[in-house]
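>>> Okay, sequence plus prediction incoming.
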Number of protein chains: 2
Amino acid sequence: MKKAPRLSEAEWQVMKVIWRRASCSAQEVIEALAPNRDWSPATVKTLLNRLHRKGALDFEKTGKAYIYSPAFTEAEFTTQEAESFLHRVFDGALSPMIAHFVQSHRLSRPEIDELERILREERKDK
Amino acid sequence: MKKAPRLSEAEWQVMKVIWRRASCSAQEVIEALAPNRDWSPATVKTLLNRLHRKGALDFEKTGKAYIYSPAFTEAEFTTQEAESFLHRVFDGALSPMIAHFVQSHRLSRPEIDELERILREERKDK
DNA sequence: TTTTTGTGTTTACAACTGTAAACGATTCTG
DNA sequence: CAGAATCGTTTACAGTTGTAAACACAAAAA
């Protein structure tokens, strides 16, 4: 299987819209992004086009418009981006990375509970 | 105080060398990076120049060469990059982000212990 | 002092990004 | 069917990035 291409900041936002709906038209993407980003419809069209050329999106023609769908799961992109970040900033060291996040955000009690649960799970698997 | 500029992948590597030594000459950076990246010395010089123009590096002239030093701490850049990543990929949701990392890496027992310790600390602060 | 050498600065250039207008084809609509 | 509306595709353009050679200047050596 092919590897997911890298996405730019703007491309991530477009992909997210499409993942959330499994598939959709350009028009839907434009409308979904309108509140957040102040993009001209033309800009979104450019991004869709680039994403398709990069191999991140497939589409199927229905009447006049296209219906776009992701060529990779969000998880595939997420994993890749996460690894890239981990190495770029923390030299691949996981614990310092997590420590950084935990300490720089004020976690709520339930969040802490949730993370402890995840760790316990992890410990069990070993 | 000014905000730290954004760094590209390559620029991060250069900055890391300089943070590790507090300050150093271009020559040192070139040598330090030689084993990792197969960069021509000219490439490193370009990066140093850009980093200076971006305001990420200061320097002081000593004889012929410059001694570069960071204009911001590594922590400042790290925090910024971490926030950017968190929002771009996880929409700012911390727990899912941490869960992702914990689950996608096989943590060693001591690492799990370490993270639990950090969480306990965090819980206490509240 | 003239030459050489080591440094930083300029210039180069293609690929990628953010933004968006212009264009061309296709499908409604009158 | 011709004109209008709608889509996707092309073209545009400046800024960033990865890579690196060319150039200029100061310092060291001959």
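That came in fine, so what should we check first?

>>> alpha carbons only for contacts and neighbour counts from here, please
Will do.

>>> Count the residues that sit near residue A:46.
11 (other CA atoms under 10 Å in any protein chain shown).

>>> what's the angle from the worst-scoring helix or strand of chain A on mean pLDDT to helix B:109-124?
Scoring the helices and strands of chain A by mean pLDDT, DSSP states H and E places helix A:109-125 at the bottom, with a mean of 89. For helix A:109-125 against helix B:109-124, the angle by axes from the mean of the first three to the mean of the last three CA atoms, to 10 degrees is 160 degrees.

>>> Kindly format the C-alpha coordinates of helix A:109-125 as PDB.
Taking Å, rounded to 0.1, in the frame of the first residue of the first chain, the C-alpha atoms of helix A:109-125 are listed here in PDB:
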ATOM      1  CA  ARG A 109      -9.500  15.900  36.800                       C
ATOM      2  CA  PRO A 110     -11.500  13.700  34.400                       C
ATOM      3  CA  GLU A 111      -8.800  14.100  31.800                       C
ATOM      4  CA  ILE A 112      -6.100  12.900  34.200                       C
ATOM      5  CA  ASP A 113      -8.300  10.000  35.100                       C
ATOM      6  CA  GLU A 114      -8.700   9.100  31.500                       C
ATOM      7  CA  LEU A 115      -5.000   9.200  30.800                       C
ATOM      8  CA  GLU A 116      -4.300   7.100  33.800                       C
ATOM      9  CA  ARG A 117      -6.700   4.600  32.600                       C
ATOM     10  CA  ILE A 118      -4.900   4.500  29.200                       C
ATOM     11  CA  LEU A 119      -1.600   3.900  31.000                       C
ATOM     12  CA  ARG A 120      -3.100   1.100  33.000                       C
ATOM     13  CA  GLU A 121      -4.400  -0.500  29.900                       C
ATOM     14  CA  GLU A 122      -1.000  -0.200  28.400                       C
ATOM     15  CA  ARG A 123       0.700  -1.800  31.300                       C
ATOM     16  CA  LYS A 124      -1.600  -4.700  31.200                       C
ATOM     17  CA  ASP A 125      -0.800  -5.500  27.600                       C
END
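
>>> Identify the residues contacting that helix?
Applying CA atoms under 8 Å, 6 or more residues apart in numbering or on different chains, the contact partners of helix A:109-125 are B:95, B:98-99, B:102-103, B:107, B:109, B:112, B:116, B:119, B:123.

>>> I appreciate the help and will end here.
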